[in-house]
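Participant: Okay, predicted coordinates and the sequence, questions at the end:
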Amino acid sequence: MITTKINFAVERRIHVAQGEHCVVSEPDTVLTTLLGSCIAACLWDPVAGVGGMNHFLLPGSGRAGGHAGGDARRYGVNLMELLINDLLRHGGRKARLKAKLFGGAAVVKGLTDIGALNASFAEDFLSGEGIELVGGSLRGSQGRRVQFWPVTGRARQAFLTAEAAHLLREEAAQPPATLPGAGQVELF
């Protein structure tokens with residue numbers, strides 16, 4: 001009698017929502033997100049075996065020339081620096097970082113193309129920091145589901161169906177929910 005042992009590794013999934021970032025070094029972890037006009041920056045250090053993803057949307061509108069300006073740019077810089085600094089804390093080296101960028105779609109017709117502004121900001125930021133952009137998928141008119149394996153740098157995307165994209169547009173049009181007690185501080 002011949003027996004075969006099959007080993008099914010369980011993959012841990014972490015969803016990265018807008019305004020968040022996550023850095024991991026476990027090879028069985030995949031980071032996921034859903035994007036419309038937002039950007040997911042996927043960075044990793046292939047030598048250290050550590051990587052991460054952020055998910056951001058620059059607030060407000062940009063100025064002419066396709067670049068986000070003023071406060072919006074500072075917000076984007078902060079989110080990118082949080083991701084990079086966390087990678088460095090986990091053993092990555094900036095000189096070895098590689099990047100893939102996803103998102104930046106024009107999902108709401110007739111309004112400022114904030115997706116293109118987000119994409120241009122992310123490309124300019126990486127160029128200015130000397131981080132090599134090795135792939136990804138930016139702009140267009142469809143939302144995306146992105147999966148990123150941070151240890152290896154492998155990434156996969158699927159464009160959203162028309163129905164899913166409609167839900168994403170509806171969500172983007174809604175003002176953020178205010179949680180009860182938001183803005184209050186509890187001292188102990």
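Facilitator: That came in fine, so what should we check first?
Participant: C-alpha only now, for contacts and for neighbours.
Facilitator: OK.
Participant: All the strands of this protein, residue numbers only.
Facilitator: 12-15, 21-24, 29-35, 39-45, 50-56, 98-103, 132-138, 144-149, 154-159 (DSSP state E).
Participant: And the residue nearest in space to the middle of the chain, how far from residue 32?
Facilitator: In the chain, the residue lying closest to the centroid (CA atoms, centre = their mean) is residue 40, at 1.8 Å. Using CA to CA, to the nearest Å, we find residue 40 at a distance of 10 Å from residue 32.
Participant: all helices in this structure, in order from the N-terminus.
Facilitator: 70-89, 114-129, 162-173 (DSSP state H).
Participant: Can you show me the CA trace of the second one as CSV?
Facilitator: Only the C-alpha atoms of helix 114-129 are listed here, as CSV (Å, rounded to 0.1, in the frame of the first residue of the first chain):
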residue,chain,number,x,y,z
ILE,A,114,-8.2,62.1,-8.0
GLY,A,115,-7.0,58.6,-8.9
ALA,A,116,-4.5,60.1,-11.5
LEU,A,117,-3.4,62.6,-8.9
ASN,A,118,-2.8,59.8,-6.3
ALA,A,119,-0.9,57.7,-8.9
SER,A,120,1.3,60.6,-9.9
PHE,A,121,2.1,61.4,-6.3
ALA,A,122,3.1,57.8,-5.5
GLU,A,123,5.3,57.5,-8.6
ASP,A,124,7.0,60.9,-7.8
PHE,A,125,7.5,59.9,-4.2
LEU,A,126,9.2,56.6,-5.1
SER,A,127,11.4,58.4,-7.6
GLY,A,128,12.4,61.1,-5.2
GLU,A,129,13.3,58.5,-2.5
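Participant: Perfect, I'm done here.
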